[in-house]
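Peer 1: Sequence isn't available, so here's the structure alone:
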């Protein structure tokens, strides 16, 4: 089975959750190559058409798996190779042109994967060729470590108050101004920007932090929340994406309003939480390891190729 992955490559790399999913699929014997899209917006994506078609002629894949709506639309501009498109969030919930173009991709794709049921509903499309399936996480690289040991390895204060922000400060969607306002209401807090770290460093930082903080305006099924659950790290998040659903009933996890005082109160509660949350058990219960998610995707590939 030969699969061609089509995804954005403007930053010079593919996002980790796509690469990790690909590696899990390779372990199932799938042969995979990438096509990296360069360009922004519909015009930028369409400018890749001739180069992508040349790649398809050269590689001769059995199927194309595109990530995000614009990649799905681009991949479907040829009709010889069936396309699976995964929709991750911004391609649907931003509405407007993005939603319109994503709906075109949905109509053209042989199969559509939405990372949450809510995204599937927002797309407003129905049929047997779609499902809700979150991206899995790398439970080998991301795993629980004793907080004291993680802090020792990072050189952090043993009794410090560390809050890990779920993204880069300059990413407007992540709403860092609210996170800064909330942490300013607490005393002695270090707000850590998640930026520029290796995956191994992310694992250490996630285990060393008192909590993960998410204040985003929009999310699909945020990987960072699932990774924090895997580490047993408390979570403070606004009600966005599938966070409320996936953290429901887990002690140490708090879903708040977009009010800075409400968020600060929840952060302060995590400072008195000791040990690990039961988040890792939630990841196991939901089958959200990369290995199990890859098996479901493999079955989707087979069902399309065998038609």
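Peer 2: Yes, it's here. None of the values given here were measured: they were computed from a predicted structure.

Peer 1: just the helices in the stretch 51-200 of the chain please.
Peer 2: Listed in chain order, the helices found in the stretch 51-200 of the chain under DSSP state H, counting those that start in this stretch are 69-75, 90-93, 96-108, 117-123, 147-154, 176-184, 199-208.

Peer 1: Out of these, which one sits most buried?
Peer 2: Greatest average neighbour count among these goes to helix 69-75 (a mean of 27), per mean count of other Cβ atoms under 10 Å. Bear in mind the C-beta positions are built from the backbone N, C-alpha and C, glycine included.

Peer 1: who touches that helix?
Peer 2: Taking contacts as Cβ atoms under 8 Å, 6 or more residues apart in numbering, the residues outside helix 69-75 that touch it are 6-8, 37, 41-42, 45-46, 48-49, 52, 64, 66, 83, 85, 87, 91-92, 98, 101-102, 104-106, 108-109, 112.

Peer 1: sorry, back to before: please identify which of the helices of the stretch 51-200 of the chain is closest to residue 287.
Peer 2: Set against residue 287 and scored by Cβ to Cβ, the helices of the stretch 51-200 of the chain come closest in helix 117-123, at 15.3 Å.

Peer 1: For the helix or strand of the chain with the lowest mean pLDDT, which helices and strands make contact with it?
Peer 2: Of all regular secondary-structure elements in the chain, judged by mean pLDDT, DSSP states H and E, the least confident is helix 90-93 with a mean of 83. Other helices and strands packing on helix 90-93, by 3 or more Cβ pairs under 8 Å, 6 or more residues apart in numbering; DSSP states H and E, are helix 69-75, helix 96-108, helix 117-123.

Peer 1: quick one: contacts of that helix?
Peer 2: With Cβ under 8 Å, 6+ apart, helix 90-93 has contacts from 68-70, 98-99, 101-102, 114, 119, 122-123, 173, 218, 220.

Peer 1: Which of those residues sits closest to residue 17?
Peer 2: Distances from residue 17 to the contacts of helix 90-93, taken by Cβ to Cβ, are shortest for residue 220, at 10.8 Å.
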